[in-house]
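quick check, what structure comes out for this input:
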Amino acid sequence: MYIIHSVNKEEFENEIKTDSYGRKSLEKYGFIHCSDLDTYYLVAPNFKEDLNDRLILLIDTEKVDSEIKWEDGGGIDFPHIYGLLNKNAIIGIYNHIWNDERVWVPNNELKEYARDGFERKI
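Numbers count the residues shown, from 1 in each chain. Purely as a prediction, here's the structure:
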């Protein structure tokens, strides 16, 4: 299965040099917030005021060394990684694309990894 994580580009580039990612998130939340591709449109608005460059990390859950728990995020279960994200579990890194109204535009390269092809159900 594939999940994604949105991250500040500069923050990620500095941290991934250690071969893992997530120290800051673990300190603040106790886990790394993730989403599946079909529900990310619900999460993306949280970042619309952040004008820094963002990336979307495509993560293969079969390669993640830390525990992943699917937990309720207001009626929808979201994946949370309880530990550092090992670099080899990140199988793709994509720019976070916004339209002029700061609404996330799904990356075409990610579509094949979405269960429902980014079809919005809510």
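
residue 47 and residue 6 touch, don't they?
Yes. Contact status for residue 47 versus residue 6: in contact at 6.1 Å, counting by C-beta atoms under 8 Å. All C-beta atoms are positioned from the backbone trio N, CA, C, and that covers glycine.

how about residue 115, secondary structure?
State at residue 115, reduced to three classes by DSSP: H, G, I helix; E, B strand; the rest coil: coil.

before we move on, back to that, neighbour-wise, which of residue 47 and residue 6 wins?
residue 6 (20 against 17; other C-beta atoms under 10 Å).

returning to what we had before: overlap of the contact sets of residue 47 and residue 6?
54, 96 (C-beta atoms under 8 Å, 6 or more residues apart in numbering).

what about residue 20, neighbour count?
For residue 20, using other C-beta under 10 Å, the count is 18.

tell me the contacts of it?
Residue 20 touches 84-87, counting by C-beta under 8 Å, 6+ apart.

let me see the mean pLDDT of the helix or strand harbouring residue 81.
Per DSSP states H and E, residue 81 falls inside strand 77-82. The pLDDT scores in strand 77-82 average 96.

in three-state terms, label the residue lying closest to residue 104 once chain neighbours are set aside for me.
Among residues not flanking residue 104 along the chain, residue 44 sits closest, at 3.6 Å (C-beta to C-beta, 6 or more residues apart in numbering). When classified by three-state DSSP, residue 44 comes out as helix.
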